[in-house]
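Peer 1: need coordinates for the following:
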Amino acid sequence: MKELVDFVVLIIIYFWKFSKKWKEKGKDVLFVNTTMYIYLCFVLYFTLMPIITSLPFIFNHPYDSMNLVPFIDVLNGRGDFVRQVGLNVIMTIPFGFLFPLVKKGNTRLLKVVFYTFLLSLGIELLQPLINGFRSADITDLITNVIGGSIGYIMYLIFKPLTIKILNYIGQDNYK
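Peer 2: Sure thing, here's the model as predicted:
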């Protein structure tokens, strides 16, 4: 229920700051940017929420530093590492697919990798700060970047169809 506060704030931000500006650029831009916004809201839900109700308590628990040994859980057979690796890859596939559509123009793999890395690094650094039960892990960072890269490859594969659909929805903003 604490997450409800975060979602209300995210909805207010969407209508206050973004929806009108995106709508003015065309239905296709509104659709793509809103899809990315909703996706990022779900990423926040699964990785960081509740955020707002946790802020008064961020200094009430120790901050565990990031595990910098890649795939240590896999190597030691700890926990449900296969599920965690799979979910981290799956979580960022939409980002890799949507990012070139939001940015428009000639978006290259390296740019998608860089922004996926920044998104993941931000999440990993904030998780233990906001919630004392979460930890930061280099494996998550690596698998998130792999997911973003897979999403970008999927974007390249489906680009002609995607552009055709978006141009049908909107004002030929996508080439």
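
Peer 1: just checking, what packs against whichever strand or helix holds residue 92?
Peer 2: Element membership for residue 92, per DSSP states H and E: helix 81-103. Other elements packing on helix 81-103 under the criterion 3 or more C-beta pairs under 8 Å, 6 or more residues apart in numbering; DSSP states H and E are helix 27-47, helix 72-76, helix 109-130, helix 138-169. C-beta: built from backbone N, CA, C; applies to glycine.

Peer 1: what residues of the longest one count as buried?
Peer 2: Spelled out, it's helix 138-169. Applying a neighbour-count criterion of 16 or more other C-beta atoms under 10 Å, one finds 139-152, 155, 162-163, 166, 169 buried in helix 138-169.

Peer 1: repeat for stretch 121-135
Peer 2: 121, 123-124, 126-132, 134.

Peer 1: between those residues, which sits nearest residue 44?
Peer 2: Ranked by distance to residue 44 (C-beta to C-beta), those are led by residue 123 at 8.4 Å.

Peer 1: residues contacting the nearest residue to the closest one once chain neighbours are set aside?
Peer 2: Sequence neighbours aside, residue 47 is the residue nearest to residue 123 in space, at 4.8 Å (criterion: C-beta to C-beta, 6 or more residues apart in numbering). Counting by C-beta atoms under 8 Å, 6 or more residues apart in numbering, residue 47 touches 91, 123, 127.

Peer 1: how near is residue 47 to residue 135?
Peer 2: 12 Å (C-beta to C-beta, to the nearest Å).

Peer 1: hmm, who's touching the helix holding residue 92?
Peer 2: 32-33, 35-36, 39, 43, 46-47, 71, 73-74, 107, 111-112, 115-116, 119-120, 139-140, 143-155, 158, 162, 166, 174.

Peer 1: 6 Å instead, please
Peer 2: 32-33, 36, 39, 73-74, 107, 112, 116, 140, 143-144, 146-148, 150-152, 154-155 (C-beta atoms under 6 Å, 6 or more residues apart in numbering).

Peer 1: can you list the buried residues in it?
Peer 2: 81, 84-85, 88-89, 91-101.

Peer 1: the helices and strands packed on helix 81-103: lowest mean pLDDT?
Peer 2: Mean pLDDT across these is lowest at helix 72-76; the value there is a mean of 79.

Peer 1: how far does that helix sit from the chain's center?
Peer 2: 25 Å (C-alpha atoms, centre = their mean, to the nearest Å).

Peer 1: CA atoms of that helix as PDB?
Peer 2: Taking only C-alpha atoms (Å, rounded to 0.1, in the frame of the first residue of the first chain), the coordinates of helix 72-76 have been written out as PDB:
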ATOM      1  CA  ILE A  72      29.300 -15.000  -7.300                       C
ATOM      2  CA  ASP A  73      25.800 -16.400  -6.600                       C
ATOM      3  CA  VAL A  74      26.000 -18.500  -9.800                       C
ATOM      4  CA  LEU A  75      29.500 -19.700  -9.000                       C
ATOM      5  CA  ASN A  76      28.600 -20.600  -5.400                       C
END
